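Visitor: next input, structure requested:
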Amino acid sequence: MIPRNKFWIFIIGIIISIYSGSARAGDTSEGQAYGVFECVVEQAAGSLDEITASLESGAVEAGWQLLATTPGGVPKDCTYNSRVICIFDSEYAADLMKANRTTGPFGVVDRIGIFEDENGLHIAVVNPNSINRTILLDDTTFGEKSEAHLQALRQMILASVTGTPSAKQYGQSRTEGYIGKTMGVVAGGKFSDMIKDKGSTEAGSLAEVAARIKTELGKTSKKWGLHSVYEADLSEFGVIVLGTTGSKLCSKSFEIVGSGADESRKDFACPGNAYVAAYPLEVVLFQDNDTITVRMVEAMFRMKMYFEDAGKWAFMNNMKMPGSIDKELKKQIKKGLKSN
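Guide: Below you'll find the predicted structure:
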């Protein structure tokens, strides 16, 4: 087992939370800069398997539902590993759904990334302050809940794993939720406009259709290795979220982003591993009356949400990638929508 002293880790976490929160507490409005990811622990003690097991049990003990743990995928010839733990807090998810049923489902699953580099193993999370501001269309009234949720994640992680506490934010730093177009043409606009229908059906209940699509998503796709890894049940809102990922998708994405805007990582062998919590992708089923519609965020826009600091040329040089991702997923979804 990983050696740890939960009391002192908890105290250190509180100190860091107060320090980091003092600069942003009460200031969740447009203009406050947030990174897409926040590191929680650097140089975590133990092996990848030990750290993973400790975080899984810590999350469940703290009230989260463990949805999935999946390999993150690393660039070709990279000798370092990465992993993603997907967890779900039903109360927090309900708050997001009540704030916006159309866009909220794309933020309900928390992702904890464990990644390895020359300095050891590290743990980071997707920053709800950044992502929720985009998803909820700059609705600043949700800011306090986003910050409180981030601190709950941090305290759970710091109580579960021994290492050096951190509050470093990285990825694209944004002062608002709205993400504009790169060079005036690439993937930008209101988040709600970036949610695209991928098909609909009236054949079956929400659970039945979700099961069919999950079965098809479970068949690993040819190019990107996409396959389903989790299901988050929000059926009380007429919604089910499916998560899908693939090692080839991850490895290519991390190769493209590299160190992003973080100059301190530019000489690392596999700096893109730090972005491991960007995946899985969300496939969301909505039931309205007798119609069940499957929706996803436009692939290029979603990549921009998590990898924008790769730079404009990285996006321009990989323009075909999002389309091929969308094509594979749409094919799987279309098969799943067909009734037996």
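
Visitor: CA atoms for contacts and neighbours, from now on please.
Guide: Noted.

Visitor: do a quick rundown of the helices in the stretch 151-300 of the chain.
Guide: In the stretch 151-300 of the chain, the helices defined using DSSP state H, counting those that start in this stretch lie at 206-217, 247-257, 299-307.

Visitor: just the mean pLDDT for the last one, thanks.
Guide: Throughout helix 299-307, pLDDT has a mean value of 95.

Visitor: what packs against that helix?
Guide: Identification of packing neighbours for helix 299-307 by 3 or more Cα pairs under 8 Å, 6 or more residues apart in numbering; DSSP states H and E yields helix 320-337.

Visitor: who's in contact with the helix it packs on?
Guide: Applying Cα atoms under 8 Å, 6 or more residues apart in numbering, the contact partners of helix 320-337 are 198-201, 209, 212-217, 221, 223-224, 226, 294, 298-300, 303.

Visitor: again, only using 7 Å
Guide: Helix 320-337 has contacts (Cα atoms under 7 Å, 6 or more residues apart in numbering) with K198, G199, S200, T201, V209, R212, I213, E216, L217, S221, A299, M300.

Visitor: one more: stretch 77-84?
Guide: By Cα under 7 Å, 6+ apart, the list of residues contacting stretch 77-84 from outside reads 69-74, 111-117, 270, 273, 276-277.

Visitor: could you flag which of the residues you listed are buried?
Guide: Buried by 16 or more other Cα atoms under 10 Å: 69-74, 111-117, 270, 273, 276-277, out of those.

Visitor: among those, which are in strands?
Guide: When those are checked against strands (DSSP state E), the matches are T69, T70, P71, R111, I112, G113, I114, F115, E116, D117.

Visitor: who's the fifth one bridged to?
Guide: With beta bridges defined as DSSP bridges, I112 has these partners: I85, V125.

Visitor: if we can go back for a sec, tell me the one of the contacts of helix 320-337 nearest G180?
Guide: G180 has its nearest neighbour among the contacts of helix 320-337 in M300, at 12.5 Å by Cα to Cα.

Visitor: now the nearest residue to that closest one once chain neighbours are set aside: how far from F286?
Guide: Nearest residue to M300 in three dimensions, chain neighbours excluded: P322, at 5.1 Å (Cα to Cα, 6 or more residues apart in numbering). Distance, P322 to F286, using Cα to Cα, to the nearest Å: 23 Å.

Visitor: what about the two, which has more around it?
Guide: Set P322 next to F286 and count neighbours by other Cα atoms under 10 Å: F286 wins out with 23 against 16.

Visitor: low-confidence ranges in this protein?
Guide: 1-30, 183-186, 339-340 (pLDDT under 70).

Visitor: circling back: mind checking how far the residue nearest to M300 is from T182?
Guide: 15 Å.

Visitor: check the ones in strands among the buried ones among the contacts of stretch 77-84 against R154 and report the nearest one.
Guide: I112 (10.2 Å).

Visitor: just checking, that closest one touches I87?
Guide: No. Between I112 and I87 there is no contact under Cα atoms under 7 Å: 8.0 Å.

Visitor: need the helices of the stretch 151-300 of the chain in a markdown table with mean neighbour count, can you?
Guide: Formatted as a markdown table, these follow (neighbours: other Cα atoms under 10 Å):
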| stretch | mean neighbour count |
| --- | --- |
| helix 206-217 | 20 |
| helix 247-257 | 21 |
| helix 299-307 | 22 |
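
Visitor: among these, which is nearest A94?
Guide: Closest approach to A94 among the helices of the stretch 151-300 of the chain is made by helix 206-217 (18.0 Å; Cα to Cα).

Visitor: quick one: contacts for P75?
Guide: Shown in contact with P75 (Cα under 7 Å, 6+ apart): S251, K252, F254, E255, C270.

Visitor: mind redoing it with 10 Å?
Guide: Residues in contact with P75 (Cα atoms under 10 Å, 6 or more residues apart in numbering) are 81, 247-256, 258, 269-273.

Visitor: strands of the stretch 151-300 of the chain, start to end?
Guide: Along the stretch 151-300 of the chain, the stretches classed as strands by DSSP state E, counting those that start in this stretch are 164-165, 169-170, 195-201, 227-234, 239-245, 281-288, 291-297.

Visitor: nearest to A59, of the ones you listed?
Guide: Going by Cα to Cα, the one of these nearest A59 is strand 227-234, 15.7 Å.

Visitor: list the strands paired with the closest one, with their directions.
Guide: strand 239-245 (antiparallel).

Visitor: the partner strand to strand 291-297, inter-axis angle?
Guide: 40 degrees (axes from the mean of the first three to the mean of the last three Cα atoms, to 10 degrees).

Visitor: in strand 239-245, what counts as buried?
Guide: For strand 239-245, by 16+ other Cα under 10 Å, it's V239, I240, V241, L242, G243, T244, T245.

Visitor: among those, which one sits closest to S57?
Guide: Closest approach between the buried residues of strand 239-245 and S57, by Cα to Cα: G243, at 21.0 Å.

Visitor: pull up the gap between the closest one and K76, please.
Guide: Taken as Cα to Cα, the span from G243 to K76 is 24 Å.
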